[in-house]
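Chemist: for reference, the sequence and a predicted model appear below.
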Number of protein chains: 2
Amino acid sequence: MSDVVRIGVIGAGNMGTVHANYLYEGRIKGAIITAILEERVSRINEIENRFSEEVVTIYSEEDAFFQSGQFDAILIATPHYSHPRLSIRAFNQGIHVLVEKPAGVYTKQVREMNEAAEKSQLVFSMMYNQRMNPIYQKLRELILSNELGSIRRLNWIITDWYRSQSYYDSSSWRATWQGEGGGVLINQCPHQLDLMYWLTGMMPSRLRAFCQFGKYREIEVEDNVTAYAEYDNGATAVFVTTTGEAPGTNRLEVTGDRGKIVIENDELTFWRLRQSETDFNQEYTGGFGKPETWKCEIPVEGLNTAHEGITQNFVNAIKDHEPLVAPGSEGIYGLSLSNAMQLSTWTDTWVTFPIDEDLYLQHLNEQIDQSTVQKVSTGKSLNVKGTH
Amino acid sequence: MSDVVRIGVIGAGNMGTVHANYLYEGRIKGAIITAILEERVSRINEIENRFSEEVVTIYSEEDAFFQSGQFDAILIATPHYSHPRLSIRAFNQGIHVLVEKPAGVYTKQVREMNEAAEKSQLVFSMMYNQRMNPIYQKLRELILSNELGSIRRLNWIITDWYRSQSYYDSSSWRATWQGEGGGVLINQCPHQLDLMYWLTGMMPSRLRAFCQFGKYREIEVEDNVTAYAEYDNGATAVFVTTTGEAPGTNRLEVTGDRGKIVIENDELTFWRLRQSETDFNQEYTGGFGKPETWKCEIPVEGLNTAHEGITQNFVNAIKDHEPLVAPGSEGIYGLSLSNAMQLSTWTDTWVTFPIDEDLYLQHLNEQIDQSTVQKVSTGKSLNVKGTH
């Protein structure tokens, strides 16, 4: 391949345009944007005005785009359902793939995507830009270097995803089973659900969740969720989210044998036990006492390179085999949590991991069949999503 | 009756001695301590040295104590199981009752206590001293005056109840089904469970909980709990507690139609929406926007009169019909939450309110029967609890 990775962008909605812009402006070293696929006629004019036709070819038909031979890699920023299909098409053509979150809507399609990626040996990455956030990188480093000891509890209140009815009314596909396959879990929370996995490397053994559908808005999908999970090492987790509260909260607490860490208001604080709780408990004879605790202010350094950081890493992986920060195959973890939370609600019982992908898909299809929302047309004409 | 309320204290353990001391020192206006019932021979010497026999008569037999005619009211600070029986005995003799938390161990015995109290028309109060804490009084006032609007979510992480194994080993009755009827829920959390009711006046319609028994300590009862509750008005709640974490967290978040309030580190902060969320949502047309939020620092004034405040209120109620801050009949609410959390775990399903008191007692008795912990002698020889 040439020294420069040629990238085609699929979907020029809100996020696709962001990606196309920074590529066009040359902010990703070793990469250029050469093509855009946008099937909505209403968007074409704006895109043609934005990008020089000598640099970027605009396609409105998927077949022509894939047959162009103009790119070595694609960046997919289309509606959720189409991510696996487009990725698999690219892998079959020897094209590397960077895909927006979520990996897909149901794990069966994502597993098939992962298998195609594995077989192709191509570079496959997820746009998990929060993995580039230094505060989460620091928390992960503290956990994986065992500063916190064995993990005991995760508690994430992530309720600052406020969305008004006017947001939901802005597109017919939004917050529908057929258009998105879910609500706050599939649209707003993929980053947090990915971090629940990535920060610790742990997935639950089982989970019980309580989704409420159309609680605060006139939508058919979940807009309020409380989930409880248990892990093989004995840890438990609570995850609370909604789009219906203001101002909401974003507070992550992780506790372990060596204390607790809280991330809130973009600050990371570590209450560190001088001696591990397990050791203290074994040695202590005084009844009511507690381990000595140090409140430690942990420095968080570095820029949050966000989307551009993920894209640069993807390009470096193609050119120089740089390890991926967000391997595409890991997209299934956060999605499994999301699917499990809906499935536990629908079945009103525990969901064990790995989840039953066929059972989930069966329930999802029932929701789509029972939907009374006016259906949007399927497949190629779906709009891109408007959030990031 | 005389101008002074004569009080007998039952149980001179840790808390009973605290109560006896402030009464003896004359810190409760209009009340004097005249008698103590303490059945443990090992405690008698210390008590006799502490209190002048001309003022306080020490009894070691329950019948003699109740037949003495030396008091108008009793303050019960004995192990949990005995609270209802002792209260009912007092009501039958026309004696007012102030009882330590919890009201009892299972709601059936507490309901019977409440019925005896109601029938007697005597003054009956619970030692819910956290109701005297100005920060919770302020939160309650903000909620009941509708500053927060309709309640949407309660989230209490109350994990700073650290207890070492040496604490549990200090008494044979501790943390046993027969001795206490539970663990962190019945011993450490009664105040928070009462506040979950008292702050809002709401009880859940149903609850799903996940207790873990002897997770962190060699005990048979619960030491780690996560509970989820739903209310008739649509609100949800999460309650997380443990004795196994250090330093732990005590953070209460309450959200409503007008914003959110957080109590943490003894500070109350109100994020107030300028316009209610419901009104904003109805009027807003801009898609991604949020209601304007004001971060308000709310003054919290007044002393926390704690135990003495409750006892003074009890005495004033007897003398001057002052309204009770913590009517005894309300002890059943917090206990119902506690019972429901255990019952949901045992049955691995939802518990609806009011809870099935017979089903709970059946399960509790199974736990007692199946216990492999060396049994303590029942009834009169039980020690008083060591926490407050």
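Modeler: Okay, I see it. Numbering: from 1, shown residues only, chains lettered A, B, ... in the order given.
Chemist: got the contact list for the strand or helix carrying A:Ser166?
Modeler: Per DSSP states H and E: A:Ser166 is located in helix A:165-169. For helix A:165-169, contacts defined as CB atoms under 8 Å, 6 or more residues apart in numbering or on different chains pick out A:174-175, A:217-219, B:281-282, B:284-288. C-beta here means a position set from N, CA and C on the backbone, and glycine is covered the same way.
Chemist: which of the residues you listed count as buried?
Modeler: A:174-175, A:217, A:219, B:281, B:284 (16 or more other CB atoms under 10 Å in any protein chain shown).
Chemist: the host helix or strand of A:Tyr197 and chain B, any residue contact?
Modeler: Secondary structure from DSSP H and E places A:Tyr197 in helix A:190-198. No: Helix A:190-198 lies out of reach of chain B by CB under 8 Å from any CB of the partner chain, never closer than 15.5 Å.
Chemist: and the stretch 251-388 of chain A, which of its residues are near chain B?
Modeler: Going by CB under 8 Å from any CB, the residues of the stretch 251-388 of chain A near chain B are A:253, A:255, A:259-260, A:262, A:271, A:273, A:277, A:280-282, A:284-291, A:293, A:386.
Chemist: now intersect those with the helices, please.
Modeler: Judged by DSSP state H, helices contain the following of those: A:277, A:280-282.
Chemist: dump the contacts of helix A:165-169 to CSV, plus pLDDT and distance to B:Asn49.
Modeler: Formatted as CSV, those follow (pLDDT from 0 to 100; distance: CB to CB, whole Å):
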residue, pLDDT, distance to B:Asn49
A:Arg174, 92, 75
A:Ala175, 96, 72
A:Arg217, 97, 68
A:Glu218, 97, 72
A:Ile219, 97, 71
B:Asn281, 98, 67
B:Gln282, 97, 70
B:Tyr284, 97, 71
B:Thr285, 95, 77
B:Gly286, 93, 74
B:Gly287, 89, 75
B:Phe288, 90, 71
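Chemist: how is chain A carved up into domains?
Modeler: Domain assignment for chain A, taken from automatic domain parsing, gives A:5-128+A:305-324, A:131-304+A:334-370.
Chemist: end-to-end on the last one?
Modeler: Put plainly, it is domain A:131-304+A:334-370. Terminal residues of domain A:131-304+A:334-370 lie 37 Å apart, using CA to CA, to the nearest Å.
Chemist: okay, the nearest residue to A:Trp156 once chain neighbours are set aside: pLDDT?
Modeler: Spatial nearest neighbour of A:Trp156, chain neighbours left out: A:Leu252 (4.8 Å); criterion: CB to CB, 6 or more residues apart in numbering or on different chains. Looking at A:Leu252, its pLDDT is 98.
Chemist: okay, and the beta partners of A:Leu252?
Modeler: A:Trp156, A:Ile263 (DSSP bridges).
Chemist: wait, it sits on A:Val262?
Modeler: Yes: shown here, A:Leu252 and A:Val262 form a contact pair, counting by CB atoms under 8 Å, at 7.0 Å.
Chemist: who has more neighbours, the two?
Modeler: Comparing A:Leu252 with A:Val262 by neighbour count (other CB atoms under 10 Å in any protein chain shown), the higher total belongs to A:Leu252, at 22 against 19.
Chemist: how close does that one sit to chain B?
Modeler: Distance of A:Leu252 to chain B, computed by CB to the nearest CB, to the nearest Å: 12 Å.
Chemist: equivalent analysis for A:Gln109, please.
Modeler: 29 Å.
Chemist: list the contacts for that residue?
Modeler: Each residue near A:Gln109 by CB under 8 Å, 6+ apart is listed here: A:81, A:84-85.
Chemist: show me which residues of the strand or helix carrying it are buried.
Modeler: Secondary structure from DSSP H and E places A:Gln109 in helix A:107-120. Judged by neighbour count using 16+ other CB under 10 Å, the buried positions of helix A:107-120 are A:107-114, A:116-117, A:120.
Chemist: just after it, pick out the following helix or strand.
Modeler: Using DSSP H and E, the helix or strand that follows helix A:107-120 in sequence is strand A:124-126.
Chemist: which secondary structure elements does that following strand contact?
Modeler: Judged by 3 or more CB pairs under 8 Å, 6 or more residues apart in numbering or on different chains; DSSP states H and E, strand A:124-126 is in contact with strand A:96-99, helix A:306-320.
Chemist: mind running it again at 10 Å?
Modeler: Judged by 3 or more CB pairs under 10 Å, 6 or more residues apart in numbering or on different chains; DSSP states H and E, strand A:124-126 is in contact with helix A:83-92, strand A:96-99, helix A:107-120, helix A:306-320, helix A:331-347.
Chemist: most tightly packed of those?
Modeler: strand A:96-99 (a mean of 27; mean count of other CB atoms under 10 Å in any protein chain shown).
Chemist: how much space between the nearest residue to A:Ile88 once chain neighbours are set aside and chain B?
Modeler: Leaving aside its sequence neighbours, A:Ile88 sits nearest to A:Ala116 (CB to CB, 6+ apart; 4.4 Å). Look at A:Ala116 and chain B: by CB to the nearest CB, they are 35 Å apart.
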